Every structure is written in C-alpha cells, then in structure tokens.
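>>> Sequence first, predicted coordinates after that:
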Amino acid sequence: MMSNSILPGATLGILGGGQLGRMFVSAARAMGYEVVVLDPDGSSPAGSMATKHLQAKYDDREALDYMAKHCAAVSTEFENIPSDTLDYLANFVPVHPSASALRIAQNRYSEKIFFQSLGLSIANFLSIESEDDIELAKDFSFPAILKTNTLGYDGKGQIVCQNHGELVDALSQIGSVSYVLEKRIDLAKEVSVVLCRNQAGEVDCFPLAENQHSNGILDISIAPANLSQEMTVEIIDAATKIAHGLDYCGVLAVEFFISSGNEILINEMAPRPHNSGHYTLDACYTSQFEQQVRMMCGLSAGDSALHTPVAMWNMLGNIWPESASPNWDDLLKHGKAKLHLYGKAEARVGRKMGHVNFLADSTADAVELLALIKQRLVK
Ligand code: ADP
Ligand code: MG
C-alpha cells in the first residue's frame with residue numbers, strides 16, 4: 001500500500017474553503033503539500049492560505065477538471081458538497097471520503113437508518129414527510145425536537161416541540177419538505193469521537209471529547225472526557241463500527257448522547273474533521289487535519305495520543321465588539337492558551353470566528369483558565 005502513497009510535494013484538493021478547509025490547508029502545507037481549494041467565496045478562510053483558490057461553484061465543470069488534472073487526491077471539508085461532484089472527480093482522482101459516505105451523512109433520516117442497520121442505539125424518532133406522519137406523531141412521546149433532514153447545522157433547522165400542537169406550528173415555521181421528529185433526551189453528557197480509517201481498514205481514534213453546547217452550537221470541548229473505561233470502550237466500538245460500515249477512508253466524527261439513565265445513544269456523524277476535534281491541534285501529537293492528509297494520501301495514521309489535558313473554547317462572532325476585535329492581550333499573556341483565528345472579516349452573531357485551546361496539567365485547570373479568560377473577553 002505504501003508504494004501507492006502520495007508524498008509531500010504533491011498537490012491535494014479540498015472542496016470547501018471554510019475554517020475546516022483552512023486548517024486542512026495549513027496542516028497539508030506544513031507537511032510540504034500544495035493545496036488547491038474550491039470555494040465560490042472570494043474571501044473564504046482557506047482560499048487565502050491555499051496554493052491556489054478556484055473561485056467557482058461546486059459543480060463548475062471547468063474547476064473540477066482543473067482539480068482532476070492537478071490534484072493527486074481530493075477531500076472535502078463539509079458534507080453538503082453535491083455528491084455528484086465527488087462522483088465526477090472520482091473518475092479521475094482518489095476522493096476521500098467517498099460520495100456514498102457523504103450521501104448518507106447529508107440526510108438525517110438516512111443516517112439514522114444506517115446506524116440502526118448496524119444495530120446501534122439512537123434516540124426514538126419518527127420520519128415526517130406527509131399528513132399521515134403528522135397524524136401518527138400524536139402518539140409520539142413529547143417533548144421532542146423537529147429537525148430538518150437536510151442542511152441543518154449548529155442547531156439550525158431544529159425546533160423543540162412540547163406537544164403535538166407545537167409540532168404542527170413548527171412544521172409551518174421551518175417550511176422544509178422532510179424531517180425527523182426526535183425524542184428529546186435528558187442528557188447527562190455529550191461526547192464525541194474523532195477517528196480516522198485508512199484504505200486498509202485500520203482505525204485509529206483520538207481520545208473522547210466531552211462537549212458542552214450553547215444554543216445548539218458547540219461552546220466547549222474538554223479532553224480527555226471524564227467517562228468510565230467501560231463506556232469509553234462501548235463508544236469507541238460504536239464509532240469504529242460506523243467507520244467500517246461505511247468502508248470509510250479519512251477522518252470521521254461521531255457525536256454521542258449519554259442520557260441521565262446512562263444510556264449511550266448515537267446523535268449524528270460528520271464525514272470530516274469536526275469542531276469538537278480542534279483540541280487535537282495543540283494537545284495531541286497529530287492533529288485531526290494532519291490525520292486527514294495522511295488518510296487521503298494513503299499514509300499511516302499519526303500518533304493520535306493526547307499529550308496534555310485541554311479545554312477548547314469555540315469563539316463566535318457574538319464576542320466581537322462592533323467594528324473592532326476582542327482584546328487579545330489578556331488571552332495571549334497565557335503561554336498555554338493557543339489562539340486560532342479563521343481570518344473571517346465580518347463577525348456575525350453565531351458565526352464561528354476562531355477557537356482557543358487551553359492546555360493545563362489537568363482538565364479541571366484547563367476549564368478554570370478558560371472560564372477566567374472567557375469572563376474577561378465576554379463583557
Ligand atoms: P447539529 O447538526 O446542528 O449539530 P444536532 O442534532 O447535533 O444538530 O443538535 C445540536 C445540539 O442540540 C446537540 O449537540 C444537543 O446539545 C442538542 N440536541 C439535539 N438533539 C437532541 C435530543 N434529541 N435530545 C437532547 N438534546 C438534543
Ligand atoms: Mg451536532
């Protein structure tokens with residue numbers, strides 16, 4: 001297998017130029033690869049760091065032909081790239097993850113059916129597509145969350161419904177065509193696993209992260225997660241089953257709910273590096289982005305072990321004062337507060353602008369430092 005590996009000096013392609021693309025570009029270029037980014041946005045975070053930014057739509061034939069000709073392998077930073085684009089590129093160049101994995105992840109319903117087909121536990125749900133389904137939902141156990149099947153992220157496209165009447169109202173508000181109605185779980189914890197799987201089917205997991213959300217958006221991730229050995233093993237097994245089930249190649253993230261009754265349920269997956277894996281940039285020997293480069297290039301996985309306890313804080317545009325930047329002085333006084341900004345010109349409420357990894361001798365110390373600095377920055 002190693003003889004087919006793509007080595008530094010080669011050019012890699014990435015579909016999507018957001019922050020995940022940017023951190024991918026940064027990892028790949030540090031290793032000596034050139035990177036072509038395809039993103040229609042002229043000021044995309046990844047575009048400015050790439051060897052070449054193709055500013056075109058994801059189905060632009062000329063741009064795709066350019067990638068096919070110049071890239072030794074292509075990956076994607078987000079799941080809503082048209083899967084036809086991946087299919088087309090795959091005629092000419094290795095594409096990881098595959099279009100088939102992306103297709104499942106693009107739709108919540110198909111994702112849930114896939115998890116069930118592997119015998120994995122998920123929250124009770126009902127597919128809502130027709131008037132009959134809405135009628136059936138009268139017997140569903142509320143409170144529940146209505147989620148659009150496609151294009152939802154960061155809690156968008158979701159409405160909590162306390163009863164059937166609220167469901168009917170919610171359906172008229174969102175105005176999508178297909179949904180899942182999901183039982184709201186009484187959560188004890190949320191954790192995620194970021195793993196990678198290579199072309200030979202070998203899986204390597206980063207340590208579990210414990211995640212706290214605010215308004216449906218990730219706020220803090222802490223690693224290692226505080227979880228029993230038994231639960232950790234069960235969660236890693238489930239995530240590994242998913243990677244094998246997809247015959248996946250690349251970095252894959254799986255989000256889990258742990259209920260107040262200690263039940264482990266799969267929430268969702270992402271066929272790419274994940275926000276809850278940003279801690280790996282500073283706290284692991286290999287970052288999730290380097291791991292993606294290694295997987296698509298047919299190399300072995302880097303060491304995914306954690307060398308320092310860490311708490312990651314996701315910074316949203318909400319903390320940016322009008323027409324200015326937050327005062328970074330306080331933060332940068334701390335030698336173990338690692339700042340990552342995504343180069344987005346405009347800060348909007350809810351927009352991911354950057355993150356900070358707080359390294360410390362223990363997760364408790366990391367969380368304490370995070371809370372202190374957050375308090376100073378968020379006035
Ligand atoms: P997204 O694609 O926006 O990340 P998720 O389904 O992961 O969508 O939902 C975002 C967050 O909302 C979750 O991480 C969790 O905090 C909360 N949430 C979603 N579904 C449920 C549920 N069934 N029960 C309890 N909390 C939920
Ligand atoms: Mg999620």
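That came in fine, so what should we check first? Ligands and ions are numbered 1, 2, ... in the order given.
>>> Next, find the distance separating residue 295 from ligand 1.
Between residue 295 and ligand 1 the computed distance is 23 Å (Cβ to the nearest ligand atom, to the nearest Å). Just so you know, the C-beta spots here come from the backbone N, C-alpha and C atoms, and that holds for glycine as well.
>>> That residue in helix, strand or coil?
helix (DSSP: H, G, I helix; E, B strand; the rest coil).
>>> I'd like to know how far it sits from residue 99.
As defined by Cβ to Cβ, to the nearest Å, residue 295 lies at a distance of 16 Å from residue 99.
>>> These two: which is more packed in?
Neighbours per residue (other Cβ atoms under 10 Å) separate residue 295 from residue 99, with residue 295 holding more: 25 against 18.
>>> List the residues that contact residue 58.
The contact partners of residue 58, taken as Cβ atoms under 8 Å, 6 or more residues apart in numbering, are 15, 38, 40, 81, 82, 85.
>>> Near ligand 1, which residues of the stretch 251-379 of the chain? Just list them.
Contact residues, the stretch 251-379 of the chain versus ligand 1 (Cβ under 6 Å from any ligand atom): 255, 267, 268.
>>> For whichever residue of the stretch 51-200 of the chain sits closest to ligand 1, the count of nearby residues, please.
Residue nearest to ligand 1 within the stretch 51-200 of the chain (Cβ to the nearest ligand atom): residue 185, separated by 3.8 Å. With neighbours defined by other Cβ under 10 Å, the count for residue 185 comes to 18.
>>> go on, residue 227?
18.
>>> Also residue 202?
For residue 202, using other Cβ under 10 Å, the count is 10.
>>> residues contacting it?
Residue 202 touches residue 301, counting by Cβ under 8 Å, 6+ apart.
>>> now swap in residue 122 and tell me
Contacts of residue 122 by Cβ under 8 Å, 6+ apart are 112, 115, 116, 265, 266, 267.
>>> For it, grab phi and psi.
phi -140, psi 170 (degrees, to the nearest 10).
>>> Same question for residue 175.
Dihedral pair for residue 175: phi 70, psi 40, per degrees, to the nearest 10.
>>> repeat for residue 102
phi -60, psi -40.
>>> That one is in contact with residue 85, isn't it?
No - checked against Cβ atoms under 8 Å, the pair residue 102 and residue 85 is beyond contact range at 9.5 Å.
>>> so where does the residue of the stretch 51-200 of the chain closest to ligand 1 fall, helix or strand?
Assigned by DSSP states H and E, residue 185 falls within no helix or strand.
>>> That one and residue 267: what is the separation?
In terms of Cβ to Cβ, residue 185 sits 9 Å off from residue 267.
>>> what do you get for residue 135?
Taking Cβ to Cβ as the measure, residue 135 falls 27 Å from residue 267.
>>> What of residue 303?
In terms of Cβ to Cβ, residue 303 sits 28 Å off from residue 267.
>>> out of the two, which sits in the busier spot?
Neighbours per residue, other Cβ under 10 Å: of residue 303 and residue 267, the larger number sits with residue 267, 18 against 11.
>>> three-state assignment of that one?
Per three-state DSSP, residue 267 ends up strand.
>>> Make sure it is actually in contact with residue 258.
No - counting by Cβ under 8 Å, residue 267 sits too far from residue 258 to count as a contact (10.3 Å).
>>> so what sits against both of those two?
Common neighbours of residue 267 and residue 258 (Cβ under 8 Å, 6+ apart) are residue 190.
>>> Strands of the stretch 101-250 of the chain, residue ranges please.
With strands called from DSSP state E, counting those that start in this stretch, the stretch 101-250 of the chain shows them at 125-128, 144-148, 158-161, 179-183, 187-197, 203-205, 209-214, 217-223, 250-259.
>>> List the contacts of the nearest residue to residue 184 once chain neighbours are set aside.
Nearest residue to residue 184, sequence neighbours excluded (Cβ to Cβ, 6 or more residues apart in numbering): residue 143, at 4.5 Å. Residues near residue 143 by Cβ under 8 Å, 6+ apart: 160, 161, 162, 163, 184.
>>> What score does residue 143 have for pLDDT?
At residue 143, the pLDDT value in this model is 97.
>>> Over to residue 152?
On the pLDDT scale, residue 152 gets 84.
>>> Around ligand 1, which positions in the stretch 1-150 of the chain sit nearby?
With Cβ under 6 Å from any ligand atom as the criterion, the stretch 1-150 of the chain meets ligand 1 at residues 123, 145.
>>> Relative to residue 177, how far out is the residue nearest the centre of the chain?
What sits nearest the mean C-alpha location of the chain, by Cα atoms, centre = their mean, is residue 274, with 2.7 Å. Noted for residue 274: a distance of 27 Å to residue 177, by Cβ to Cβ.
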